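Colleague: Would you be able to build a 3D model of this:
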Amino acid sequence: VVMPPPNILLIANDPMSGNTWRSNLLMFPVCPQSERKEEMIDKIKLLDIQTQAAIVSHIQEVTQNPLNVLDLSWMEEGAELVPGELEPLSRNMAASLQQLIDQRDKATEVRICPTRPAGFYLSRGSKRTSAPSPSGPAGTEPTQEEKQHLAVELADAKAKLRRYRQELEEKTEQLMDSKHEAERLDQELQKLKQENQSLSCEARSVRAYRDEVDALRERAARVDRLEAELSRCKERLNDVHFYKTRMEELRDDNTTLLETKVLLEEQLAAARGRCDKLHTLEKDNLLLHAKIHDLEMEREGERRRLEELLEENLLLELGQKQSMNESAHLGWELEQLSKNHDGPASESRKSLVHELNEGVSSRVLKLEKENRELQASIERLKEENQLLQEQQLHTQELDRENQSLSNQTLGEELLKEKQNLEREMHALRADKDCQVRLPLRFSEQQHLSEAVKALQERAQSSSEARVREAEAKNRLLHQSVTDAGSRLASLEAQLKVVSEEAECLRERAGRCEEVQREAARLERSREALTREVGTRICAGSWSGYNRLIPAQKELQRLAQQEAQNSLLSMENLELRRSMENLRSSSARLPTLQEELQEAQRETQEAQRKDPGHPEGGQEETQDSSGSSGQEEELVSEKLKAQQQNLELERLDKELERIGLSREKLLQQEQTLEDGEDEEDR
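Modeller: Numbering: from 1, shown residues only. Predicted coordinates for the structure are as follows:
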């Protein structure tokens, strides 16, 4: 570099003028060539991208101007000079020498300036020649006034220097205080994060305790109800002795009624058997229909998944072809660059080409591996689809067999009813013959009929009380079933939201994998570029420094994608928490089912205790039919809950298959928080 060195005094007095700005530009190419070039290069790298680009442009302005730089490479050993390059080289050298001579003359004038008056230089200015001699006239000694003036200026400068040093010490102290304050704030932030985690754990435990408290409250209410029923039973126990004596008196009268009671009990047992079989058959039919629906839904889901996998396979094949084309294009460009440029940078370019080829080959191998895995999954899904079709055919056959069995059972039940009716007709005829043959026992039958009426009235009153109790229990049961239905509806809505979020999460996970692969590729290219920049900086050439700027922009874009990845991990954690809450709420379904079964057993016991009351029997059969309908609803709700649990397990498996486990997401979140803390520091 043959430009004149910058004047430090002029730069300090007026740093933004035109001449000082041009002098400042000289520092950019000179600093990397000094003894502290590594330190200067590290400081330049710490600046932002726009400032680095401006510095590179100013360096090119200085170094690419032939009047500012003198090429001395032809003086090295083994260098050959082409005859065509001799004339421009000599012209540049002559211009540089003339510039150096002018600079020397200006420097001698500046050195003589303090010792001569202003008029002397004005008179000498008209007589100066264009090229003065290199040895200027010697200056005279400065006067006493000038020495005093210079001493005063020196004292002022020293005072300013002391003041600046004091300000610098104050600023350093303020900087240390601010650093300590920042460290203290970081510690407080860590404490607040720990407190937040502990509070979240306590909130989860409070939710669990709240559910347990609700369950205990329900049990306490049930205990109160059972205690009231126990007190009623104790009150009835006092009347048992009176009823016992009365039953001993009426036992002889009831002998005639036992035969009719046995017949009625047989008819009632047959009717109950038919009802039970009908309910079981209906339940089996509902279960089979639910299974058929589930299998159809699974088949549709597997078909959609197969189509998605085929589309992903096509996209991966297109991406593989594109990556092969890009690798070929990059190889061709690197070969062209290696042909055009020779010297010390060729080895670094070859290494960069080798690394890029290795990266492209590894990416191609990964894509081929993924393609094979997708093909294997497609074959597996085809086999599963065939199995589902076979299962559907099997369920259709079972449905047909169920219909045939139901028809057979109905025919057998009709035959049994016909036989029972015939036996009843024979019994009635025998009773009629007995009544004709024994007119003397008319008074006794009248007495027995009065006793039977009294017993029927008592049985009716007791059955009405029991029916009222059964109705109250049925209302409570219906209320519990409606509550369970509302809870299941809310759970279904939550499951729908969770499934939608899981679909979004799958898409985001795919994007995250693409971002991670792109980040790895950019990291490899960044390392290669940094090595190439280091070699070029050590050699003194700044032509490759421009390639660092787009790489740093890519790194910034990569940082944004990593932040997006952290947001996706946080959303995934929230989704996991909602899934856990959904599982805990679905775990309460068996308790509701047990309560429903207990209520059904109580209603059946009430039916067995009052078989002789027809109206109560009709009402209780209606209640039992209502409870059976509620039981069917509960069975369907249980099936829905099982489907929801299967869906949740499938989502867990999908998350584990794509590699987003809970521990890994927590580690990613912790690493992202540590990286943000380090950046803040």
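
Colleague: so what does the helix or strand hosting residue 289 touch, helix or strand wise?
Modeller: Element membership for residue 289, per DSSP states H and E: helix 255-340. Contacts defined by 3 or more C-beta pairs under 8 Å, 6 or more residues apart in numbering; DSSP states H and E place helix 255-340 against helix 345-437, helix 442-539, helix 614-657. No exception for glycine: its C-beta is placed from N, CA and C like everyone else's.

Colleague: Show me the shaky parts of the stretch 51-200 of the chain.
Modeller: Confidence mapping of the stretch 51-200 of the chain against pLDDT under 70 gives the ranges 70-83, 110-142.

Colleague: can you give me the helices in it?
Modeller: Assigned by DSSP state H, counting those that start in this stretch, the stretch 51-200 of the chain shows helices spanning 83-112, 118-125, 144-238.

Colleague: Take these and write them to a markdown table, including distance to residue 305 and mean neighbour count.
Modeller: Converted to a markdown table, the helices of the stretch 51-200 of the chain look like this (distance: least, C-beta to C-beta, whole Å; neighbours: other C-beta atoms under 10 Å):
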| stretch | distance to residue 305 | mean neighbour count |
| --- | --- | --- |
| helix 83-112 | 70 | 13 |
| helix 118-125 | 93 | 10 |
| helix 144-238 | 34 | 10 |
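
Colleague: Can you tell me which of the ones you listed is nearest to residue 369?
Modeller: helix 144-238 (39.2 Å; C-beta to C-beta).

Colleague: Mind giving me the packing neighbours of the closest one?
Modeller: Against helix 144-238 (3+ C-beta pairs under 8 Å, 6+ apart) you get helix 548-586, helix 662-680.

Colleague: Toward the C-terminus, what is the element adjacent to that helix?
Modeller: Using DSSP H and E, the first helix or strand after helix 144-238 is helix 240-250.

Colleague: For that following helix, output the C-alpha coordinates as PDB.
Modeller: Below are the C-alpha coordinates for helix 240-250, written out as PDB (Å, rounded to 0.1, in the frame of the first residue of the first chain):
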ATOM      1  CA  VAL A 240     -91.200 -58.400  62.000                       C
ATOM      2  CA  HIS A 241     -92.400 -60.100  65.200                       C
ATOM      3  CA  PHE A 242     -96.000 -59.100  64.600                       C
ATOM      4  CA  TYR A 243     -95.900 -60.200  61.000                       C
ATOM      5  CA  LYS A 244     -94.300 -63.500  62.100                       C
ATOM      6  CA  THR A 245     -97.200 -64.300  64.300                       C
ATOM      7  CA  ARG A 246     -99.700 -63.200  61.700                       C
ATOM      8  CA  MET A 247     -97.900 -65.400  59.100                       C
ATOM      9  CA  GLU A 248     -98.200 -68.400  61.300                       C
ATOM     10  CA  GLU A 249    -102.000 -67.800  61.500                       C
ATOM     11  CA  LEU A 250    -102.300 -67.400  57.700                       C
END
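
Colleague: Could you pull out the buried residues of it?
Modeller: Within helix 240-250, no residue qualifies as buried by neighbour count (16 or more other C-beta atoms under 10 Å).

Colleague: quick check: angle from it to helix 255-340?
Modeller: Between helix 240-250 and helix 255-340, the angle comes out at 130 degrees (axes from the mean of the first three to the mean of the last three C-alpha atoms, to 10 degrees).

Colleague: Tell me the buried residues in the helix or strand hosting residue 40?
Modeller: Assessed by DSSP H and E, residue 40 sits inside helix 37-46. The neighbour-count check on helix 37-46 (16+ other C-beta under 10 Å) flags 40, 41, 44 as buried.
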